[in-house]
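Peer 1: Have a look; sequence and predicted model below, questions after that.
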Amino acid sequence: MDLDNISRLKLLLSIEGIGPQKILNMLSKFSSFESILNSDFKQLLSVEGINKGLASKIIDSTKNFSLIREQTEIEYEKLSKLSAFIITYWDDNYPSLLRKIYFPPILLYGIGNFEEADKYSIAVIGTRQPTLYGKRMAENLTAELTSQGITIVSGLARGIDSIAHSSALKNNGRTIAVIGSGLDVVYPPENKNLFKRITENGIVITEYELGTKPDAQNFPRRNRIISGLSLGIIVVETRLNGGAMQTAEYALDQNREVFAVPGNLNSVKSEGPNTLIKRGEAKLIQTAKDVFDDLHIKLKPILKKENAAKHVELTLFEEKILKIIDTTPKHIDEIAADSSMSTADCLVNLLSLEFKGLVQQLPGKMFVQI
């Protein structure tokens with residue numbers, strides 16, 4: 001998006017009461033930021049969520065455009081010196097998974113590059129003060145995930161986050177760090193070198209402008225982006241009131257998978273994951289294979305197949321059915337019709353394929369190839 005449009009977007013975001021949803025509503029009506037700012041009072045009132053007060057503020061804000069544009073131009077220069085960029089919700093390189101969440105960040109600042117592989121991301125999160133057990137689990141899980149080409153997402157905080165990023169880099173994998181400050185404010189300061197390494201082998205992103213300090217209120221907002229970028233999250237160790245529990249809540253709201261590493265019942269560091277498992281809000285995992293099994297369909301394009309799978313012997317009927325079904329769920333009646341077989345015969349062969357680990361049955365007599 002060009003400088004003028006970024007400036008118009010920033011002008012709208014500077015208005016109290018205007019957030020992502022209202023901007024999306026206005027764009028559906030006016031099609032451009034310029035049209036929004038050139039609209040009259042009556043036109044603005046026709047937009048869902050825009051009342052008389054907000055309409056007046058939008059019209060009054062236009063007198064500040066020159067100032068906002070000047071500030072944005074200065075910001076561009078500073079970003080350039082950091083080899084950083086700014087993208088918007090509407091840009092092609094905006095992460096597709098993140099675009100689907102409620103209240104997505106309209107603006108993102110970053111250093112590094114997004115890649116196609118980032119569509120297959122898993123977040124690894126937890127306490128800033130892990131036990132030795134927590135450290136080992138975070139490191140091992142991240143190494144296993146990375147070995148399959150999965151991008152690791154975390155928050156660059158002390159403890160589990162830093163271990164997840166470091167383990168991904170150590171195993172020649174990609175990692176994304178979502179921070180709660182401006183790109184020019186590295187926090188914690190001891191992660192300055194890790195920050196730099198991530199920008200060279202992944203990306204550091206934030207929704208906060210340059211110069212923003214790592215204030216406490218920034219991190220809960222940051223957590224929704226961590227889960228939003230990921231197909232699922234893994235909670236290693238955290239207290240019940242830890243930030244990782246907030247991220248788990250966001251993940252559940254965003255319809256993302258939540259996994260948890262069980263821990264010592266007498267350790268406060270394991271209260272969070274143990275409680276998530278107890279409530280049925282997270283799936284208990286011991287190794288990354290548990291994650292692969294659960295997310296097999298979504299991760300299928302990148303998961304490395306076992307050599308043994310290539311040598312599974314199939315009957316002619318099983319081969320016929322496998323050619324009909326793919327990773328899109330298909331009902332048994334449709335499979336029977338396409339294969340010119342009876343429903344009963346199809347079920348027998350599908351059951352056999354399920355035993356061989358090639359097909360999965362979903363609720364409602366739906367089947368997919370795995």
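Peer 2: The structure has been received and is ready for your questions.
Peer 1: State the distance from the residue most central in space within the chain to residue 110.
Peer 2: Geometric centre of the chain, nearest residue: residue 229, 1.3 Å, by C-alpha atoms, centre = their mean. Here residue 229 is placed at a distance of 12 Å from residue 110 (C-beta to C-beta, to the nearest Å). Every residue, glycine included, has its C-beta placed from N, CA and C.
Peer 1: do the same with residue 301
Peer 2: Residue 301 sits 24 Å away from residue 110, going by C-beta to C-beta.
Peer 1: go on, residue 197?
Peer 2: 15 Å.
Peer 1: And those two? Which one has more around it.
Peer 2: residue 110 (21 against 16; other C-beta atoms under 10 Å).
Peer 1: Tell me which helix or strand comes right after the helix or strand where that one lies.
Peer 2: Under the criterion of DSSP states H and E, residue 110 resides in strand 107-112. Using DSSP H and E, the helix or strand that follows strand 107-112 in sequence is strand 121-125.
Peer 1: Can you tell me the strand partners of that following strand and which way each runs?
Peer 2: strand 151-154 (parallel), strand 232-235 (parallel) (DSSP bridges).
Peer 1: What is the next helix or strand after the last one packed up against?
Peer 2: It stands for strand 232-235. Next helix or strand after strand 232-235 toward the C-terminus (DSSP H and E): helix 243-253. When contacts are defined as 3 or more C-beta pairs under 8 Å, 6 or more residues apart in numbering; DSSP states H and E, helix 243-253 packs onto strand 121-125, helix 218-228, strand 232-235, strand 257-260, helix 271-279.
Peer 1: which parts of the second one are buried?
Peer 2: Neighbour-count burial for helix 218-228 flags 218, 219, 222, 223, 224, 225, 226, 227, 228 (criterion: 16 or more other C-beta atoms under 10 Å).
Peer 1: Can you tell me which of these is nearest residue 185?
Peer 2: residue 218 (10.5 Å; C-beta to C-beta).
Peer 1: Next one: the residue nearest to the closest one when sequence neighbours are not counted relative to residue 225, how far apart?
Peer 2: Distances taken as C-beta to C-beta, 6 or more residues apart in numbering put residue 180 closest to residue 218, at 3.7 Å, once the chain neighbours are dropped. As defined by C-beta to C-beta, residue 180 lies at a distance of 10 Å from residue 225.
Peer 1: how long is stretch 195-207 end to end?
Peer 2: 16 Å (C-alpha to C-alpha, to the nearest Å).
Peer 1: pLDDT of it, averaged?
Peer 2: Throughout stretch 195-207, pLDDT has a mean value of 97.
Peer 1: which other residues reach that stretch?
Peer 2: For stretch 195-207, the surrounding residues in contact (C-beta atoms under 8 Å, 6 or more residues apart in numbering) are 83, 105, 107-114, 118, 151, 156, 165, 168-169, 173-183, 186, 212, 221-222, 225.
Peer 1: residues near residue 327, how many?
Peer 2: Quick note: residue 327 (other C-beta under 10 Å) scores 14 neighbours.
Peer 1: my read: it touches residue 367, true?
Peer 2: No: with contacts counted by C-beta atoms under 8 Å, residue 327 stays clear of residue 367, the gap being 10.9 Å.
Peer 1: what about residue 92, which SS state?
Peer 2: Recorded secondary structure, residue 92: coil (DSSP: H, G, I helix; E, B strand; the rest coil).
Peer 1: For residue 193, see how far away residue 328 is.
Peer 2: For residue 328, the distance to residue 193 (C-beta to C-beta) stands at 45 Å.
Peer 1: ditto for residue 293
Peer 2: For residue 293, the distance to residue 193 (C-beta to C-beta) stands at 36 Å.
Peer 1: out of these two, which sits in the more crowded spot?
Peer 2: More neighbours surround residue 293 than the other of residue 293 and residue 193, with 14 against 9 (other C-beta under 10 Å).
Peer 1: Ramachandran coordinates for the more buried one?
Peer 2: The phi/psi pair for residue 293 (degrees, to the nearest 10) reads phi -60, psi -40.
Peer 1: And the pLDDT for it?
Peer 2: 89.
Peer 1: next one: stretch 85-104 to chain centre, how far?
Peer 2: Chain-centre distance of stretch 85-104: 10 Å, with C-alpha atoms, centre = their mean, to the nearest Å.
Peer 1: Show which residues not belonging to that stretch make contact with it.
Peer 2: Against stretch 85-104 from outside (C-beta under 8 Å, 6+ apart): 1, 6, 9, 19-21, 75-76, 79, 105-111, 114, 118-119, 121, 224-225, 227-231, 253-254.
Peer 1: could you redo the last one with a cut-off of 7 Å?
Peer 2: 1, 6, 9, 20, 79, 106-110, 114, 118-119, 224-225, 228-229, 253-254 (C-beta atoms under 7 Å, 6 or more residues apart in numbering).
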